[in-house]
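K.L.:
Need coordinates for the below:
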Amino acid sequence: MGFTEKQESLVKESWEVMKQNVSELSLRFFTLILDIAPSAKSMFSFLKNTDEIPQNNPKLKAHAVKVFKMTCESAIQLREKGKVVVADTTLKWLGAVHLQKGVIDPHFEVVKEALLRTVKEAMGDKWSEEMKGAWTEAYDQLATAIKDEIKAEAAAA
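P.N.:
Alright, predicted model coming up:
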């Protein structure tokens, strides 16, 4: 069936709502990641030497916004092209960085869980199973593209 117009619209509309409170949501997103997987802390350079999640860390916010935004763009691409197309240079960089940090499949699941919980909290009573499904599909397709690139980078190394 592919990614529907309705799914794309659910992701885009919720991202528009989330943008209004992105600093707080970024903090929440990383708090959830570390609640789910405390050992992930060492994978993020901006969290390594701190006992708490820094409230006003621009790198934390930038990383969270990238995850939110790339997932949203993934939804748009799934609708328009039927697949996620990340620019080659971006994908190569993502693959290399994730390989270097030792990111493996379970880490993607942690990020997905944190992402879905963040979106759910941000959307309140507008959250639905349909919205969850749309964000899940968009994220899963993006994660697959990154995982494929990690494999390619590892094979080339």
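K.L.:
from here on, contacts and neighbour counts on C-alpha atoms
P.N.:
OK.
K.L.:
Need the per-residue pLDDT for L115.
P.N.:
On pLDDT, L115 comes in at 94.
K.L.:
which one is it nearest to, not counting chain neighbours?
P.N.:
F29 (6.4 Å; Cα to Cα, 6 or more residues apart in numbering).
K.L.:
Test my guess that the one you found contacts A114.
P.N.:
Yes - using Cα atoms under 8 Å, F29 is in contact with A114, at 5.7 Å.
K.L.:
I'd like to know how far L78 sits from E109.
P.N.:
20 Å (Cα to Cα, to the nearest Å).
K.L.:
where in this structure is pLDDT low?
P.N.:
Regions of the chain meeting the criterion pLDDT under 70 cover residues 1, 54, 88.
K.L.:
try 80
P.N.:
Along the chain, segments meeting pLDDT under 80 span 1-2, 46-57, 60, 72, 85-91, 157.
K.L.:
need the helices for this protein, in chain order.
P.N.:
Per DSSP state H, the chain carries helices over the ranges 5-19, 22-36, 58-81, 88-100, 105-123, 129-156.
K.L.:
Just want the most central residue of this structure.
P.N.:
Nearest residue to the geometric centre of the chain (Cα atoms, centre = their mean): V67, 3.4 Å.
K.L.:
re earlier: F29 and A114: who's more crowded?
P.N.:
F29 (27 against 21; other Cα atoms under 10 Å).
K.L.:
I'd like to know which of the helices of the chain is closest to E52.
P.N.:
When the helices of the chain are compared by Cα to Cα, helix 22-36 sits nearest E52, at 9.2 Å.
K.L.:
mind checking which of the helices of the chain is nearest D51?
P.N.:
It's helix 22-36; of the helices of the chain, that one is closest to D51 (Cα to Cα) at 11.4 Å.
K.L.:
what's the neighbour count on S9?
P.N.:
For S9, using other Cα under 10 Å, the count is 17.
K.L.:
Dihedrals phi and psi, N57?
P.N.:
Main-chain torsions, N57, degrees, to the nearest 10: phi -80, psi 120.
K.L.:
Can I get stretch 5-21 in CSV? Just the C-alpha atoms.
P.N.:
C-alpha atoms of stretch 5-21 as CSV (Å, rounded to 0.1, in the frame of the first residue of the first chain):
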residue,chain,number,x,y,z
GLU,A,5,-1.1,11.0,2.2
LYS,A,6,-2.8,10.8,5.5
GLN,A,7,0.3,9.3,7.2
GLU,A,8,2.5,12.0,5.7
SER,A,9,0.1,14.7,6.9
LEU,A,10,0.0,13.2,10.4
VAL,A,11,3.8,13.4,10.7
LYS,A,12,4.0,16.9,9.2
GLU,A,13,1.2,18.3,11.3
SER,A,14,2.7,16.9,14.5
TRP,A,15,6.2,18.1,13.6
GLU,A,16,4.7,21.7,13.2
VAL,A,17,3.3,21.4,16.7
MET,A,18,6.5,20.0,18.1
LYS,A,19,8.6,22.9,16.5
GLN,A,20,6.9,25.3,18.8
ASN,A,21,8.5,23.6,21.9
